[in-house]
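Enquirer: fold the following and give me the result.
(one chain, ligands or ions: 1)
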Amino acid sequence: MMPPAAIHPSHQPEAWFTLIALALLALLWLALLALPPIFPPSSLPLQIGLETLGIVFATLIFAVAWSAPSASTSRNACILAGTFLGVALLSFSHLLSLPGMPGIVTPGSFEKAINFWLAAQLLAASGLLAALWLPWQQASLSQRWPKLLAVLALVAAIHAWLLWAPHTVPRTYIEGVGPTPVKQALEALLVGLYLLVVLRLVWLWRRPRAFNVGGLLGAAAAMAMGVALFAQYAGANELFSVCDHLFHLLPYLFLYRALFVETLLTPHQALQARTLELEQARANLEREHLRLQNALDASQIEISERKQAQAEREALTRQLSDLAANVPGVLFSYLHGPDGGHHCDYLSQRAEAVCGVARGLLQVDVSHLMARLRTRDRLRLMRAMAEAELLGGPVHTTFRLPHPERGLRWIEISAQPHHQPGGGVLWHGYAQDVTRAHTDQEWLRLSDKVFEASQSGIFVTDARRRLVKVNPAFTEITGYPPDEVLGRSPKLLGSGQHDPQFFTRMLDTLAQHGRWQGEVWNRRRSGELYAQWLAASCIRNESSEITHYLAVFTDISGLKAHEQQLDHLANHDMLTGLPNRRLLRDRLQQAIAYSQRNGSGLAVAVLDLDGFKPVNDAHGHAVGDKLLAEVALRLREVVRADETVARLGGDEFVLLFRENHGPLPLERVLQTVQEPIWVNGLSLRVGASVGLSRLRADNASVEQLLQEADQAMYQAKSAGRNRCVTYNPSASKQERAEAAAGAATRAPALPHNGETPP
Ligand SMILES: Nc1nc2c(ncn2[C@@H]2O[C@H](COP(=O)(O)OP(=O)(O)OP(=O)(O)O)[C@@H](O)[C@H]2O)c(=O)[nH]1
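Expert: Coordinates of the predicted model:
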């Protein structure tokens, strides 16, 4: 149900209750006015009970208003609290002043009771009016006391006045007469005050609710009705008096309820509402706390993940820094600014060692480092970088850098340009000292050139002796192009002239001493046999394992031919081509040794031409030479291949025979020499005197054998020439001469030289 339009909706809870209660009270009040006076048998106990209840309620009003929580305490409630404590005290004094009650200071009387009642009512009406007329304001606890003390002082003064100076108090009731006009005037005043209060409350009812207007309005209206009834009061036992007390009790109930509601219930409800709000707020806070906790947990997880990521980044940075410090070269970030300035944003630790410049200096400016470069190198480097900047590609280049301690160094850089948003180019790159590699490369290039240009054949094999590299001279000497031999064994060059042990020994020597050299007969691709002087070496790694074999060889075929020629010249007679004395001695020595080993026979014959000098004298030396050559040929034909014919010099020859081949062909020797020899159209004839010596135990020396044969030859000469005499070691010289004359092999008589051949 909506309240009347004159009442503000905020007063709705108590507005109807107040209106209905007042309507009922008004009906009761009218009924009481309409009823004839009733005298109940004795209403004093009832009146005392009602008065006591009134006092109790007034005290409760005080207690409730006074003890209200400080937060809900208003200045107006404090005024009411103090007022109703005073009302309770005055009502108590009114109760004690009733006739029949024990007297206080003065004996009880109706007038005394009426005076205290009127004082209580005036105080209540004034307090209500003051409380309502003043704006409803909050009051601090300390502000309550002055109001309370003022009321108590007023109550004390009223008591003092009514109890100790009653004769000064205007008469309000005269026994046997009834209420005086003073009483009636005061009651009218009271009714007027209450009506003012009611009007004030009605006016406040239209305003938004500041306090329980309905309760106070009900109280004021009830009080006004009570006072109006009291005005009809004629005696203590009249019904009006009882109803009057009832009409005074009801306002207290209104007031009590109003103040209770205002000071306790409403704050309590507000407190409950606040508690509920707080509960909800607490729940919200808990939810928020939970959400924040979750967020905090999440953020802590995020923070720990960030910390972990940070730690990982730092570990990675340290690792990269360590790596950068341990790489042989320099990692760098080089900024070429838009203003032309250039410095290194980052340089790894080895920069100082590689460049010979403090890192701090390079991190400020690299101009002085650039200035140290040779002009040509600097220009080439700058050009390469400019091109790379333009094309956006990497730069790889090498330049020379004079190092203050290590001399001229070769530096190789590889870097990638990155164009910066604000202009300029940032280079990330790597620089390293490649002097060693550069020198090695130079040496390698030189070695390669040496390898290519060498006139000696060079070939390299791997550890399994497969050809891995050959030079042009190799091809020139052997006739094999590289593609035919690479991957194959050098055995393909072999001639079969050496037994397998030869190569085994070669490899053993190589393994033991690391090198071998000697003469090797090989065969060219054409099949031609040739001699080479070969020097072979092992190439070993750091673990001393053989990784390669190197062989350098020269073709010594010409040398060998020359050597053979010299050898031939040294051991042969130039005119006849027969072995000379030197070679004869060797062969004779070998023959002696062979015969001694095998027990085979050996005979040495010294042959000297007869009648040779006349040929020389008659036809010249040239003809004599040709004759000697022809004699040599014929002698060569007589002996076997493994036997020797040598020329000792002049017209003297030596023949070595192996006697186990059968009878010696001495006759054939004499005959073949005697046969005519045609030289330059001339038929020439010479003879031969031959001395023979056989190997014995006592003449087993070259000199001895030749000496004996020579002696025998001279014996043959002495015996008439053209015969053969065998040396007889047991005969005397004379005997040997005689034996030579008779028993020697005799050749037919020589014809005259210079005959024309048939
Ligand atoms: N044409 C030629 N004559 C030579 C050569 N060596 C030596 N003679 C000559 O050979 C001759 C050898 O002399 P002899 O042994 O006395 O000559 P002979 O006539 O055979 O005399 P007997 O040996 O005593 O029988 C000398 O005249 C030498 O000058 C040579 O290489 N060529």
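Enquirer: okay, now the unreliable bits of the stretch 651-758 of the chain?
Expert: Along the stretch 651-758 of the chain, segments meeting pLDDT under 70 span 661, 732-758.
Enquirer: identify the residues contacting the closest residue to the ligand within it.
Expert: Closest to the ligand within the stretch 651-758 of the chain is Asp651: 5.1 Å, counting by C-beta to the nearest ligand atom. C-beta here means a position set from N, CA and C on the backbone, and glycine is covered the same way. Going by C-beta atoms under 8 Å, 6 or more residues apart in numbering, Asp651 touches Asp608, Leu609, Phe612, Leu628, Val631, Val686.
Enquirer: turn the residues you listed into CSV, columns for distance to the ligand, neighbour count and secondary structure.
Expert: Output for the contacts of Asp651, formatted as CSV (distance: C-beta to the nearest ligand atom, whole Å; neighbours: other C-beta atoms under 10 Å; DSSP: H, G, I helix; E, B strand; the rest coil):
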residue, distance to the ligand, neighbour count, secondary structure
Asp608, 5, 21, strand
Leu609, 5, 21, strand
Phe612, 4, 21, helix
Leu628, 6, 25, helix
Val631, 11, 24, helix
Val686, 7, 25, coil
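Enquirer: ok, which pair from those residues is furthest apart?
Expert: Spanning the widest gap among the contacts of Asp651 are Asp608 and Leu628, at 12.0 Å by C-beta to C-beta.
Enquirer: flag every residue of the stretch 501-650 of the chain that's near the ligand.
Expert: Proximity of the stretch 501-650 of the chain to the ligand (C-beta under 6 Å from any ligand atom) is limited to residues 575, 608-614, 616, 621, 624-625, 628, 650.
Enquirer: for the chain, same thing?
Expert: By C-beta under 6 Å from any ligand atom, the residues of the chain that approach the ligand are 575, 608-614, 616, 621, 624-625, 628, 650-651, 721.
Enquirer: apply 8 Å and report the result again.
Expert: Counting by C-beta under 8 Å from any ligand atom, the chain comes close to the ligand at 575, 608-617, 620-625, 627-628, 649-652, 686, 689, 717, 721.
Enquirer: any idea how far the residue nearest to Gly487 when sequence neighbours are not counted is from Leu550?
Expert: Closest residue to Gly487 apart from its sequence neighbours, by C-beta to C-beta, 6 or more residues apart in numbering: Arg466 at 5.6 Å. Going from Arg466 to Leu550 by C-beta to C-beta, to the nearest Å gives 14 Å.
Enquirer: repeat for Leu575
Expert: Distance, Leu575 to Leu550, by C-beta to C-beta: 48 Å.
Enquirer: from the residues of the stretch 501-650 of the chain next to the ligand, which land in helices?
Expert: If you go by DSSP state H, those have Phe612, Lys613, Pro614, Asn616, His621, Gly624, Asp625, Leu628 in helices.
Enquirer: burial count for Ala21?
Expert: 19 (other C-beta atoms under 10 Å).
Enquirer: I figured it hits Ala221, correct?
Expert: No. Counting by C-beta atoms under 8 Å, Ala21 stays clear of Ala221, with 9.1 Å between them.
Enquirer: now do the biggest helix by length in the chain, average pLDDT.
Expert: Using DSSP H, we find that the single longest helix of the chain is helix 266-326. Average pLDDT, helix 266-326: 83.
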